[in-house]
Structures are given as structure tokens and as C-alpha cells.
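Participant: Provide a 3D model corresponding to the input given below.
(one chain, ligands or ions: 1)
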Amino acid sequence: MLKLFNGLKQYTIPIIITFTLLIIRSLSDLYLPTITADIVNIGIVESDTQYILKMGGFMIAIAAFGSLCSIIASYLIAKTSNGFSEKLRDEVFTKVASFSLHEFDQFGTASLITRTTNDITQIRMIMDFGLRMMVMAPIMSLGSVAMAFSKDATLTIIFIVIIPILGSVVYIIMRKGLPFFGAMQKKLDSLNLVLRENLIGIQVIRASNRDHSEKERFEDINKDYSSTSIRVNRIMGTLMPLVTLIMNLAIISIVWFGGIRINLGYMQVGDLIAFIQYAMLVMTSVMAFTRVFIILPRASASATRINEILNTEAKIKDTLELEKPDKKHGYIEFKDVTFSYPGAECPALHNISFSTGPGEITAIIGGTGSGKSTLVNLILRFYDVDSGCILVNDIDIRNTTQESLRKKIGYVPQKSSLFSGTISENIKYGNDNGNLDDIIQAADTAQASEFISLMKEGFDSVISQGGKNISGGQKQRLAIARALIRKPEIYIFDDCFSALDYKTDVNLRTALYKNTTQSTVLVVSQRVNSVKEADQIIVLESGKIVGIGVHSELLENNEIYQEIVSSQLTKEEIA
Ligand SMILES: Nc1ncnc2c1ncn2[C@@H]1O[C@H](COP(=O)(O)OP(=O)(O)OP(=O)(O)O)[C@@H](O)[C@H]1O
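Facilitator: Numbering: from 1, shown residues only. Now for the predicted structure:
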């Protein structure tokens, strides 16, 4: 946790001012019981009203000044803790944004969300309370003992007995509770995961009548989380009553022995009142300190989880070498590429070799799970290859920056995602410099203009979160328009025509290929009709290339392609 707080350096001045204010506040609180003692010993015992009024006014002034310091300190603490957590959220977000898909797979989306939100809130909470207590609790407890000592040294023996007992109780309880806090945050991750899956997959859940079982799944995890939370609270809950009991016993002893000492003439009544007030201050400081110890383990578990993100280096990083300008444009070459997902038993792609260039359409076809998406994702360097290499324009993609590599590519993923905003904003997402003409042209080619014109606001129609207010096919067409507006060297269409009807599919591909004659096009598809006219068709099976050629060649000599074709086309279509 201390490592995390290194980032507090920029708040050194507000922290120093806060600490100074809190020291003043603590000293003023420590002084008040002594004034009370003087009022009783001198003012009341000697019936000196003038003295009582004078000291009473002094007391009010000191208390008011102490409170003012406390208010300013609270403001500075809130500013520091909120500023620090905002900075931390930014750092975590920036780090997560730099992650490759490896790290996303490693942490999981739900955990990344909890770490960026709830874990950082735990840190803010410990700062809000901890900064104050770090200064006040030691000064108040040690100062109170010292002041009590000045009032009656013999009676202070009670503190010497009580404080080690208190310390041991806190230590034992903390040791028992500590391990549960890390577990609680992990369970919160699982809770978020189920919640997220339920919200995203609500249609599937409803359609499959799984509401009941999903509810049970959520309840199980929720119960697990709350039972751990109850367990921790049960352990921690014993802390306060025990501390209060011990401190009340201490006060009874003070009153008991103090009374005896007054009778014997060793102590004045005012001093005993002050002594009791100091004992109360010790008690409240110790209780506040124990509250810090209650929040601390959870914050410490959260700090570990945040540090895990901050200390993780993205597996895919840009090389520091200066980039050489491309001599060629739109050339892609796979040289004996093998790739496995982390933890997978066998490679998703084996020894893949092929090349393509501008003006060429390369189609990738194969059964589900044969590695089609993996192959095209490797071109975008979402993952790095295990062996072999991928060259774009004759340069190994590991020797170029991810930004410049992706600038050359217009990519439409299998699952199109749109962002909340207007249709034109969503298309322009592909190219900020695109003007209205570019947007219209991209939409035309993507066969999106017709449905956009039917919308009330046209290109200014608002798309709701995740594109919920448009159909799957319309979403795919907007995603295609978003790639087209980039006018890149390379297009990658990952099975993104699947939600289109036959006519739109044909129209779209015709318009698309007309507009991309200068570019390199890679089309992933499961439909033979979508790949028939490609310049080369790569047939994938279990991550291996089992055939490369044009439709007619493969139809003649490739058994797997023949199987795919005969499962989809009629005899007339094949001929
Ligand atoms: N993030 C991942 N982590 C681990 N394994 C993965 C991951 N993504 C895909 N795989 C595995 O890699 C293999 C190839 O998957 P890929 O998505 O490339 O297939 P595909 O041919 O595109 O399938 P589909 O047509 O169904 O989209 C599959 O066995 C899949 O389970």
C-alpha cells in the first residue's frame, strides 16, 4: 500500500498544512480538560465567578479555534483524497488501455472494472479517515497520558496496565479478520461478473427461460459475498465493544482510586475530572485508531489489486526503434505463423503461410473454431505470434508501432460495437477528419443510406447505448461504413456480413469491392457465396491451412471446401 501512496508526493504541501492544523486541533483538545480542572479547583472551590467567566470564555475561544482548524483540515483531506483517487483512476485506466488482449484475458473484464472503481474507493476511504487519525490518534493518546501524568502520576499506572491489554485485543482480532478482506474483493469480482453477464445476455436468458437459474446463480454468489462480509464484521464487531468495556473498566478504576486519593488529600476534585476527561480522550483515540485498523486491511487488499494492474507490463509493446517509411503498401505476408492462446493445450493456428497484396481479395473460410478470427486478429497485433512472423509492407509488425500498423487497417469485427452518439459520429469514429461527403459515401457503399434516410433525424439520429435501437444488420452496415471512411490500405471484414439478407449482402460486396480496388481485402466468412469471387480462398481447419486457391480450383481438388460448398449451395449454384 505504501508503494501506492508514493503518488501522494504532489500533495505534500496540502498534507503538511493538514497535519499542522490537526496538530493544533489535537493540542487544543488536550488543553481543554486542564482548563476545566482550573475552573473547578480555583473558580468553583474558591467561588471566584470572575475567574470562571474568564476561563470559560478562554475555553470557548480555544474550542472554536480547534474546530476551525478541524474544518479546514477536513476540506484539505477531502481535496487530497479525491484528487489522489482521481489520479489513480486515470493511471489505472491508462494502464488498462495499454494492455493487449493477453492481459484482458488474464484479469477478466469484471475484475478490471472492480479494481478501477470499488478498489480505488477503498483507498479514498482509508485516506479520508486515515490521514486524520494518523496525526490525531498518537498525539491525543500519548498527550492525554502525559497530561494525566501531570495531574496525578500514581493514577497513571492504570493506563500502563490498560494500554497493553487494549493493544493485544486489537492485534488478535486484526489477525483473525485480515485474511477475509482479500477474499471479499475477489468475491465482489465474481458478483460483478455474474451481474455483467446477466445484463449483457438478458435476451438469451429470457429466451432460454433461464431467469430462475440465473437468479439462483446470482443469489449463491451474493450469499457467499455477504456471508464472508458478515463473518468479517462479526470478528471486527467484537473489537469496539471490547475496547469500550476495557476503557469503561479503566474509568471506573480511575474514579475509584481517584476518590480514595482525594480523600487522602493527594488529589484535587478538578484534577480528577480532568483525569477522567483525558481517559475519555485516550479511549476515543484508541477507538478511532481501531476503526483505521478495520478499514486498513480491506484497503490494503485493494491496494495490492491496484498495484497488480499498475505493475503488469503489456505483453505487446511498441519497439523504440525509429519507424522506417513503408516502401510498399497493402502487402501482407504470413511466414510459418504458429500461435496459441495463453493456457490453451494446443495452438489455435499452426504453420500458417500465405501472402496477399493490393487489389486482391483474400477470403478465409472454415468451420467454427477453425481459427479464422484468430488469424485476422494477429494482423492487428491483438496478440503476438509464438513463432514465425507477419509482415505488413515487408516489415515485421513487431518492429512497427501499433498505432501506425492499425492506421493502415480498416477492421470490422465479428461483433460490431457502436457507441452512444449520432449515426454520423459513429461513422466518423473511424476517421476524425472525415467530412459529411465522406460519411455519406461510406454509408452508401455500406448500403446503410437507405435505412438512415428512413430515420427521423437521418445522420443525426441518436444511437442508444450499444446500438440497441437498430437491428443487427444495420449495426453491421454502420460498422462497415466506419471502416470504409478510413480509406485504409488493408480491409479486414471478420464475418461481418452474417446478419445481412442475401440481396443486401450481394449489393454490399459489389459496392465494396468496387470501392476497394486499390486496397488489400481480407474477408472472413462461413458463407461460400460471400467468398466465391475472391482472388484466393484460404480454407482453414483446426488452425491449419488445408487449401489455398480460387473457388473453381478448390471445388475441383479440395475435399473440405467441397464439403462446405455442398452443404451450402444447390447443384445449380455450384455449376
Ligand atoms: N481469447 C481466447 N482465449 C482462449 N482461446 C481462444 C480465445 N479466442 C479463441 N480461442 C480459441 O481459439 C480457437 C479459434 O478461435 P477463432 O475465434 O479464431 O475461430 P473462428 O474460426 O473465428 O470461429 P467462428 O467462426 O466461430 O468465429 C477456438 O478453439 C477458440 O476456442
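Participant: hey, let's count contacts and neighbours off CA atoms from now on
Facilitator: Will do.
Participant: so how far is residue 374 from whichever residue of the stretch 1-150 of the chain sits closest to the ligand?
Facilitator: Per C-alpha to the nearest ligand atom, residue 105 is where the stretch 1-150 of the chain lies closest to the ligand, at 6.3 Å. Taking C-alpha to C-alpha, to the nearest Å as the criterion, residue 105 is separated from residue 374 by 14 Å.
Participant: quick one, which of those two is more surrounded?
Facilitator: residue 374 (19 against 11; other C-alpha atoms under 10 Å).
Participant: Which elements pack onto whichever strand or helix holds that one?
Facilitator: Per DSSP states H and E: residue 374 is located in helix 372-379. Other helices and strands packing on helix 372-379, by 3 or more C-alpha pairs under 8 Å, 6 or more residues apart in numbering; DSSP states H and E, are strand 361-366, strand 490-494.
Participant: Adjacent strands (with direction) for the last one?
Facilitator: In the sheet, strand 490-494 lines up against strand 409-412 (parallel), strand 520-525 (parallel) (DSSP bridges).
Participant: ok, then the element right after that strand?
Facilitator: Following strand 490-494 in sequence order, the next helix or strand is helix 502-515 (DSSP H and E).
Participant: Thought residue 196 was touching residue 214, still the case?
Facilitator: No: the criterion here is C-alpha atoms under 8 Å, and residue 214 misses it with residue 196 at 11.8 Å.
Participant: of the two, who's got more company?
Facilitator: residue 214 (17 against 14).
Participant: What residues sit buried inside the helix or strand where the more buried one lies?
Facilitator: Per DSSP H and E, residue 214 falls inside helix 211-237. Neighbour counts using 16 or more other C-alpha atoms under 10 Å place 214, 218, 221-222, 224-225, 228-229, 232, 236 of helix 211-237 among the buried residues.
Participant: just stretch 395-412 next, same as before
Facilitator: 395, 397-402, 405, 407-412.
Participant: Of the residues you listed, which is the nearest to residue 71?
Facilitator: Lowest distance from residue 71 to those (C-alpha to C-alpha) belongs to residue 402, with 49.9 Å.
Participant: With distance to residue 101 and mean pLDDT added, can I get the strands paired with strand 490-494 in a markdown table?
Facilitator: Converted to a markdown table, these look like this (distance: least, C-alpha to C-alpha, whole Å; pLDDT from 0 to 100):
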| stretch | distance to residue 101 | mean pLDDT |
| --- | --- | --- |
| strand 409-412 | 16 | 91 |
| strand 520-525 | 20 | 91 |
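Participant: Would you convert those into JSON lines that also reports distance to residue 554?
Facilitator: Below are the strands paired with strand 490-494 laid out as JSON lines (distance: least, C-alpha to C-alpha, whole Å):
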{"stretch": "strand 409-412", "distance to residue 554": "27"}
{"stretch": "strand 520-525", "distance to residue 554": "16"}
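Participant: For residue 202, find the nearest of these.
Facilitator: Comparing the strands paired with strand 490-494 by C-alpha to C-alpha, strand 409-412 comes nearest, at 24.7 Å.
Participant: I would like the residues contacting that closest one, please.
Facilitator: 380, 479-480, 483-484, 486-494, 496 (C-alpha atoms under 8 Å, 6 or more residues apart in numbering).
Participant: Residues in a beta bridge with residue 544, which ones?
Facilitator: Assigned bridge partners for residue 544, using DSSP bridges, are residue 541.
Participant: residues contacting it?
Facilitator: By C-alpha under 8 Å, 6+ apart, the neighbours of residue 544 are 349-352, 370.
Participant: same deal with residue 431?
Facilitator: Taking C-alpha under 8 Å, 6+ apart, one finds 482, 485-486 in contact with residue 431.
Participant: what about the chain, any weak spots by pLDDT?
Facilitator: Within the chain, the stretches with pLDDT under 70 are 1-2, 320-324, 465-467, 569-575.
Participant: From residue 340, how far out is the residue most central in space within the chain?
Facilitator: Centroid check for the chain by C-alpha atoms, centre = their mean gives residue 116 as the closest residue, at 2.8 Å. To residue 340, residue 116 is 29 Å away according to C-alpha to C-alpha.
Participant: One more: residue 532?
Facilitator: With C-alpha to C-alpha as the criterion, residue 532 and residue 340 are 30 Å apart.
Participant: the more surrounded of those two?
Facilitator: Taking other C-alpha under 10 Å, residue 532 and residue 340 do not tie; residue 340 has more neighbours (19 against 16).
Participant: Backbone dihedrals for that one, please?
Facilitator: Backbone torsions of residue 340, given as degrees, to the nearest 10, read phi -120, psi 140.
Participant: Buried members of the contacts of residue 431 into ChimeraX, please.
Facilitator: The following ChimeraX line selects those of the contacts of residue 431 that are buried, judged by 16+ other C-alpha under 10 Å:
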select :482,485,486
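Participant: Mind putting the contacts of residue 431 into CSV with distance to the ligand?
Facilitator: Listed next are the contacts of residue 431 as CSV, based on distance: C-alpha to the nearest ligand atom, whole Å:
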residue, distance to the ligand
482, 21
485, 25
486, 24
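Participant: quick one: which of the contacts of residue 431 is nearest residue 28?
Facilitator: Relative to residue 28, the closest of the contacts of residue 431 is residue 482; by C-alpha to C-alpha it sits at 65.7 Å.
Participant: From what I see, that closest one and residue 434 are in contact.
Facilitator: No: Residue 482 lies out of contact with residue 434 (C-alpha under 8 Å); the separation is 10.2 Å.
Participant: okay, and the common contacts of those two?
Facilitator: residue 428.
Participant: can you give me the helices for the stretch 401-550 of the chain?
Facilitator: 402-407, 423-428, 436-445, 449-454, 472-484, 502-515, 528-531 (DSSP state H, counting those that start in this stretch).
Participant: Identify whichever of these lies nearest to residue 345.
Facilitator: When the helices of the stretch 401-550 of the chain are ranked by proximity to residue 345 (C-alpha to C-alpha), helix 402-407 comes first, at 28.1 Å.
Participant: quick one: which of the strands paired with strand 490-494 is nearest residue 568?
Facilitator: strand 520-525 (12.6 Å).
Participant: Residue 115: what secondary structure?
Facilitator: Counting by DSSP: H, G, I helix; E, B strand; the rest coil, the backbone at residue 115 sits in helix.
Participant: Quick check: closest non-adjacent residue to it.
Facilitator: residue 306 (6.1 Å; C-alpha to C-alpha, 6 or more residues apart in numbering).
Participant: helices or strands up against the helix or strand containing that neighbour?
Facilitator: Of the helices and strands defined by DSSP H and E, residue 306 is found in helix 269-310. Counting contacts by 3+ C-alpha pairs under 8 Å, 6+ apart, helix 269-310 packs against helix 12-38, helix 49-98, helix 109-116, helix 118-151, helix 157-200, helix 239-263.
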